[in-house]
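> Predicted structure and sequence below. I'll ask about it afterward.
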Amino acid sequence: MFVFIRALTYAALFIGCVLVYLPARFLSWSGIVEPATTGAPQVAGMILVMIGTAIALWCVFTFVFIGKGTPAPFDPPRKLVIRGPYRFVRNPMYIGAGMTLAGAALYYESLSVFIYTCLFFLITHLFVVLYEEPTLRRTFGDEYEAYCRHTTRWWPTRSMNGVNGKSDIEGKAAR
């Protein structure tokens, strides 16, 4: 239960700062206000925000209940998480967050929030490549290497062709 509370706290702080506060500052600085009418960009933006939020929350719950940890780099999962959304792509939480930001950019038709979204993906990519992946390699060794061979970093794939509907890696572990 304590892991769940820690994960929710960290997720709320991350979401509050990176996905709400900073984009709101960009909108405020650029003078953009909520659209007077709801057109196709706003509907598409709302759909992206909902999908991105659902993916990010699915990741948080997967970290808590399967990995026995949180999304925070200083309080990571104790087990390698390769189930849930992680069986399709190695970084679904960042993809979900980026989709949420892209949805906000679309909803407000904001170039500044779109640029912020691009910077988010660039910084996230550098963080993943320079810190997260080396740390996971040191922590989980061959298990993480096998996961990397079967699951892409950013582009989701369908890797559900293992044993009993499990991913290839989970299927091998079950044999």
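Good, I have the coordinates.
> Where is the longest helix in the chain?
Looking across the chain with DSSP state H, the single longest helix is helix 40-65.
> Buried residues, that helix. List them.
Judged by neighbour count using 16 or more other C-beta atoms under 10 Å, the buried positions of helix 40-65 are 42, 45, 48-49, 52-53, 55-56, 58-60, 62-64. Backbone N, C-alpha and C define where each C-beta goes, glycine included.
> Name the member of the residues you listed with the shortest distance to residue 136.
residue 63 (13.1 Å; C-beta to C-beta).
> Pull up the gap between residue 118 and residue 111, please.
Shown here: residue 118 relative to residue 111, a distance of 10 Å by C-beta to C-beta, to the nearest Å.
> Contacts for stretch 100-113, please.
Residues outside stretch 100-113 that contact it (C-beta atoms under 8 Å, 6 or more residues apart in numbering): 19, 23, 26-27, 29-30, 32, 34-35, 41-42, 44-53, 56, 114, 116-117, 120.
> If you count neighbours, what's buried in it?
100-108, 110, 112-113.
> Now render the residues you listed as a markdown table, adding distance to residue 89 and secondary structure.
Shown next, in a markdown table, are these (distance: C-beta to C-beta, whole Å; DSSP: H, G, I helix; E, B strand; the rest coil):
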| residue | distance to residue 89 | secondary structure |
| --- | --- | --- |
| 100 | 16 | helix |
| 101 | 17 | helix |
| 102 | 16 | helix |
| 103 | 18 | helix |
| 104 | 22 | helix |
| 105 | 22 | helix |
| 106 | 22 | helix |
| 107 | 24 | helix |
| 108 | 27 | helix |
| 110 | 27 | coil |
| 112 | 28 | helix |
| 113 | 24 | helix |
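> Take those residues and write them to a markdown table, including pLDDT and distance to residue 151.
Shown next, in a markdown table, are those (pLDDT from 0 to 100; distance: C-beta to C-beta, whole Å):
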| residue | pLDDT | distance to residue 151 |
| --- | --- | --- |
| 100 | 93 | 22 |
| 101 | 93 | 23 |
| 102 | 95 | 23 |
| 103 | 94 | 25 |
| 104 | 91 | 28 |
| 105 | 92 | 28 |
| 106 | 94 | 28 |
| 107 | 91 | 31 |
| 108 | 90 | 33 |
| 110 | 88 | 33 |
| 112 | 87 | 33 |
| 113 | 88 | 30 |
